Each structure stands twice: as structure tokens, then as C-alpha cells.
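Asker: give me coordinates for this.
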Amino acid sequence: MKKLLFSALMGAMIISCNRDNDNVSPAPTIDDTSILPTKMTYSETGKADEVITFSYDENKLVKLTHNNKDVIFTYTGDLITSVRSEDYYIKFGYDANGNLISEYEELYRQGDATTEKNTTYTINGSTITAEQTSGILGTERNTFVSTITYTLDAQKRPIKIVEVSEQKDTWGKITQKDDNTFIYQYADHHSFLKNIKGLDKLYYSSLTIKKEKINGLVFPFSYTRGELITYLYDQPIGHYPSAEGYTYQTKAAYTFNTNGYPTKIAYKTRDTVTLGLYEDNGYYTIEYNI
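Answerer: Predicted coordinates for the structure are as follows:
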């Protein structure tokens, strides 16, 4: 139920800079709020480049465009209240302090809604809890129920995310459970999205840009570790559910412009078999309005 490709530039989980030999040290950062990204390109050996362009009304993001397809952003004041493309629609609700407290999402296929998801967020100090219910629309309706807990640091950045979910079939029988944990360490540099109004309020939403979750783009991180376990219940009566799991670790190497904003992001992932680090073929390059 993750959005494809461009559901895109704003969430699997992986970005930042870790003052190591893989990163080019940024120049002294300049806090110029007029600096905005205009183009993001994903390049991978043997494949055509994928390009996303950004359109603005001052510092408000109006539109993302990829392969002649648009993702449209709507604001109320400085808050993003909806995001729409031909593949999905997301509506956001906020409390009086501008905190995200609700989210409604529909996924589309050939113009028809196929899936809907409702999420409510509860904020309690340094912890945010998301209660999420989703289902496939139609005569046979499977349901998914998730609880996602975000633990924040002093700068309100997620340092731990725990996702516990349960899937039931049409008759209410549990068919699958998931128990996933993600740990984050952060870099000390500008996010390329830093000056876009409203995105900082969506860091714990389901919004993604390209294949990346928004939280790792609003708050660039240097390291992430994921531990994922799936329990399958389609076993004969009397048998325990089968369990499948894996662990990954990812770093990101950054190159910066003279203003201290990233212009290139390349990822390295720890191979869970050899435990070595290898560099992915793909990387992002980012252009700005300066």
C-alpha cells in the first residue's frame, strides 16, 4: 500500500550524512529561506534517469511533475491540507497548534478508488502514536490495522519508529501480523526541503517523494537500521504461524553546494549475508533556484 514512484519525493527509509570519508563536508550553512529545490534526478546504471520538477507559489509547493504526471498540493494558510495525483489522494487534518492529527488516503487504479486508509495521531510529549485502519475496497474487503509509535529527540526528530500491524480476511480471520522497528541517527546539515512551507508538519505522515518517506527527507539522517518480522497465519490448524524476518542497515553519502545544501545523495546498504557495505547503483542529484 506504499505509493509508487512519486508518491515520491517526500518517507523505507534512508537518508543523510555522517561526517565520514564517504561524505564531502558541507560549506558553512547559509540560512537563506529563498533557497528551494527545482529539480531532483534519480540515476541508475543501465536505466533512464527519472526526473521530478518542483513548482512553487513563493515558498509553497504547488506541484511535483514526473513523466508528465502531476502531484498537486493544496494549502490552507501555511499548512498542506491535501495532495492529489492520478494514483492517490491524501487529506490532512491539524489541531489548533498546527500539529498533524488525522490523515485520510485513497489509492486509485485506472481512475477508480481501490484502497482507503484512515489514520489518527495522538501526541504525548516526545511520543506520537498513529492508529491506522485500511482496507481494499470492493465486495471482498480485507482490513489492515496498524499502530505506529514515533519516539522523538529534543529536536522533534524521530529516533525510533515501531510499526505493529494486523491483516484480516473477509471473515475476520487473522492472516498476517507484522512487527517492524526502525532506528535513526541524524546528520547536521540542511534538508533540501527545509524552506518549503508545510512539509515540516508532515514528517510522521505517510507522504513519500520518489521512494523515500518524508521523515527521512525533512530530517536528513546518516544511518538507519530496520528490523522487520512478518508472521503468516495461513497454516494448518494446530500449527504456529510461520515467521519471516530480516534486518538491514543503510547510510547515505552527501555532496553539498556552497550554501550547505545537498546536491547529491548516494546510499550504502549493509548486506545481511556478507555484512559488508556496498554502494547502490542509484543516486539522487538535486538542483536549486540559485
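Asker: for this structure, name the helix or strand with the lowest mean pLDDT.
Answerer: Across the helices and strands of the chain, mean confidence by mean pLDDT, DSSP states H and E is lowest for strand 212-213: a mean of 71.
Asker: give me the element the nearest residue to Leu107 once chain neighbours are set aside is part of.
Answerer: Excluding the flanking residues, the one nearest Leu107 by C-beta to C-beta, 6 or more residues apart in numbering is Thr115, at 4.2 Å. No exception for glycine: its C-beta is placed from N, CA and C like everyone else's. Under DSSP states H and E, the secondary-structure element containing Thr115 is strand 112-124.
Asker: strand partners of the helix or strand following that strand, parallel vs antiparallel please.
Answerer: Where DSSP H and E defines the elements, the next helix or strand beyond strand 112-124 is strand 127-136. For strand 127-136, sheet partners with direction are given as strand 112-124 (antiparallel), strand 143-152 (antiparallel), following DSSP bridges.
Asker: report the secondary structure state of the nearest residue to Lys251 once chain neighbours are set aside.
Answerer: Once its chain neighbours are removed from consideration, Lys251 has its nearest residue in Lys268; the separation is 4.7 Å (C-beta to C-beta, 6+ apart). When states are read from DSSP: H, G, I helix; E, B strand; the rest coil, the local structure at Lys268 comes out as strand.
Asker: all strands of the stretch 1-150 of the chain, in order?
Answerer: Secondary structure of the stretch 1-150 of the chain by DSSP state E, counting those that start in this stretch: the strands cover 37-43, 50-57, 60-66, 69-76, 79-84, 88-94, 100-109, 112-124, 127-136, 143-152.
Asker: out of those, which comes closest to Gln167?
Answerer: Between Gln167 and those, the shortest gap by C-beta to C-beta is with strand 143-152, which sits at 5.2 Å.
Asker: quick check: angle from whichever helix or strand comes after the closest one to strand 127-136?
Answerer: Using DSSP H and E, the helix or strand that follows strand 143-152 in sequence is strand 158-168. Note on geometry: by axes from the mean of the first three to the mean of the last three C-alpha atoms, to 10 degrees, strand 158-168 and strand 127-136 are set 30 degrees apart in direction.
Asker: residues making contact with strand 158-168?
Answerer: For strand 158-168, the external contacting residues (C-beta atoms under 8 Å, 6 or more residues apart in numbering) are 132, 142-153, 174-186, 203-204, 215, 219.
Asker: which stretches of the stretch 101-250 of the chain have low pLDDT?
Answerer: Within the stretch 101-250 of the chain, the ranges that satisfy pLDDT under 70 run 138-141, 210-211, 235-240.
Asker: and Asp95, what does it touch?
Answerer: The neighbourhood of Asp95, defined by C-beta under 8 Å, 6+ apart, consists of Ile101.
Asker: measure it to Thr285 for me?
Answerer: Relative to Thr285, Asp95 is positioned 38 Å away (C-beta to C-beta, to the nearest Å).
Asker: one more: Met40?
Answerer: As for Met40, its distance to Thr285 is 7 Å (criterion: C-beta to C-beta).
Asker: neighbour count winner among those two?
Answerer: Met40 (22 against 17; other C-beta atoms under 10 Å).
Asker: the more buried one and Glu86, how far apart?
Answerer: Distance, Met40 to Glu86, using C-beta to C-beta: 20 Å.
Asker: now do Val162
Answerer: Using C-beta to C-beta, Val162 is found at 33 Å from Glu86.
Asker: Ile80 too?
Answerer: Ile80 sits 19 Å away from Glu86, taking C-beta to C-beta as the criterion.
Asker: among those two, which residue is more densely surrounded?
Answerer: A direct count of neighbours by other C-beta under 10 Å for Ile80 and Glu86 places Ile80 higher, at 25 against 12.
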